[in-house]
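Student: Fold the following, please.
(chains A and B)
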Number of protein chains: 2
Amino acid sequence: MYDAITTETTIINGINRDELLGTFEAIAEQRELAKMQFRATNQWVDGAVNRTSVKDIYGGCQEQVREKPHVMQKDEPAFLLGMDTSANPVEHLLAALAGCLTTTLVLFATAEGVKLDEVTSSFEADASMLGVLGIDENVRMGFDEIRVTFDIKSQAPREKIEELLALAQARSGVFDMLTNRTPVAIRLA
Amino acid sequence: MYDAITTETTIINGINRDELLGTFEAIAEQRELAKMQFRATNQWVDGAVNRTSVKDIYGGCQEQVREKPHVMQKDEPAFLLGMDTSANPVEHLLAALAGCLTTTLVLFATAEGVKLDEVTSSFEADASMLGVLGIDENVRMGFDEIRVTFDIKSQAPREKIEELLALAQARSGVFDMLTNRTPVAIRLA
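Tutor: Have a look, this model is predicted:
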């Protein structure tokens, strides 16, 4: 029974640190494990309402099959001619960025043994419809800029938290996809 | 009562076409109406789970205040050390892209009086963890590429549908943000 102490798992920030470090090591040793493919299908419902389903993911050298899909609904607020039944597409983009930065921060904090008490963040993004409507071709379609403020509570020194936030930014997939070009190939079936 | 015929609103694709064209005209005449600001707040819950809330939007020269926020939860599947309670951040990004392309297509089809019967789309995106984990600095953090296939059913000729899909791509905010650089400024409070 005393063996249980030495094999005790360490849960930090809700993540099993041993399992996390084990995953890092396994991927370093067998690089094929790092390959992933994400898939989604989208169905237009009516007007500004549409739903995206995600189910299977390829990763860890196998198909990762969920029992049920997760569904994300998008709509537009009334002033953008929708019914406001859910967040709109660009708000889903902010949710993706928020989630990726936060989870990347939490994982690297856990890997370094840093316990986080609270992580909140706020996002602000300016846009204009002048480009979308073809009124001014000098105005881009998407956000001019996204401003993010993180508020992180932890016993760790501020320098450590700043270092972890910089690491989260450097290693976040969604941050990378927004700040660098991501090819998107669209075809009609 | 006969006047009702000439003022009858035309609903195409679940969108009030008169209202849509009226919005386009109003913005062309008063460009300030085109300005928008989107906001979101994110709260880490535990482990890979975090939630983004969106409530107010600035647009149409006023604060557009929702009664209740919309909440988007993110988690990771088990093989990425989460509990799979919801889609993950990069899947939310695919949902954002799917939603933006679809809604932009539906709005421009409506503006041109083209009735759409079905719009479905599928998304595939390859990624590798080698960059994220710092194993190979030549591997990017985000998707290498996103491949999108649209399946559109409509009585309109295929050339018209192709033209509308090309317009949706050209005018989509999320497509623009992914395929061109979007500045993201992150700071610690």
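Student: so what's the residue nearest the centre of chain A up against?
Tutor: Centroid check for chain A by CA atoms, centre = their mean gives A:Cys100 as the closest residue, at 2.8 Å. Contact analysis of A:Cys100 by CB atoms under 8 Å, 6 or more residues apart in numbering or on different chains lists A:Ser172, A:Gly173, A:Val174, A:Phe175, B:Pro89, B:Val90, B:Leu93. (Glycine included, C-beta is placed from N, CA and C.)
Student: same question, A:Val54
Tutor: Contacts of A:Val54 by CB under 8 Å, 6+ apart are A:Phe38, A:Arg39, A:Ala40, A:Pro69, A:His70, A:Met72, B:Ala87, B:Glu91, B:Leu94, B:Ala95.
Student: Return the member of those nearest to A:Arg181.
Tutor: Of all the contacts of A:Val54, A:Arg181 sits closest to B:Leu94, with 17.0 Å by CB to CB.
Student: what residue ranges in chain A score low on pLDDT?
Tutor: A:1-9 (pLDDT under 70).
Student: any chance you could map the strands in chain A?
Tutor: Counting by DSSP state E, chain A has strands at residues A:11-12, A:15-16, A:35-46, A:49-54, A:57-59, A:62-64, A:70-74, A:116-128, A:145-154, A:184-188.
Student: any chance of these in TSV, plus distance to B:Ala78?
Tutor: Below are the strands of chain A laid out as TSV (distance: least, CB to CB, whole Å):
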stretch	distance to B:Ala78
strand A:11-12	15
strand A:15-16	11
strand A:35-46	14
strand A:49-54	15
strand A:57-59	11
strand A:62-64	8
strand A:70-74	13
strand A:116-128	22
strand A:145-154	26
strand A:184-188	29
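Student: right, so of those strands, which gets closest to B:Arg140?
Tutor: Once the strands of chain A are compared by CB to CB, strand A:35-46 is nearest, at 12.8 Å.
Student: hmm, back to that, how far away is the residue nearest to the centre of chain A from B:Val90?
Tutor: Distance from A:Cys100 to B:Val90, counting by CB to CB, to the nearest Å: 7 Å.
Student: Need the residues touching each of these two.
Tutor: A:Gly173, A:Val174.
Student: Output stretch A:133-141 as PDB, nothing but the C-alphas.
Tutor: Extracted in PDB, the C-alpha atoms of stretch A:133-141 (Å, rounded to 0.1, in the frame of the first residue of the first chain):
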ATOM      1  CA  LEU A 133     -20.900  45.900 -48.100                       C
ATOM      2  CA  GLY A 134     -18.500  46.900 -50.900                       C
ATOM      3  CA  ILE A 135     -18.900  50.600 -49.900                       C
ATOM      4  CA  ASP A 136     -15.200  51.200 -49.300                       C
ATOM      5  CA  GLU A 137     -12.600  48.800 -50.700                       C
ATOM      6  CA  ASN A 138      -9.900  50.100 -48.400                       C
ATOM      7  CA  VAL A 139     -11.700  48.700 -45.300                       C
ATOM      8  CA  ARG A 140     -11.000  45.100 -44.400                       C
ATOM      9  CA  MET A 141     -13.700  42.500 -43.800                       C
END
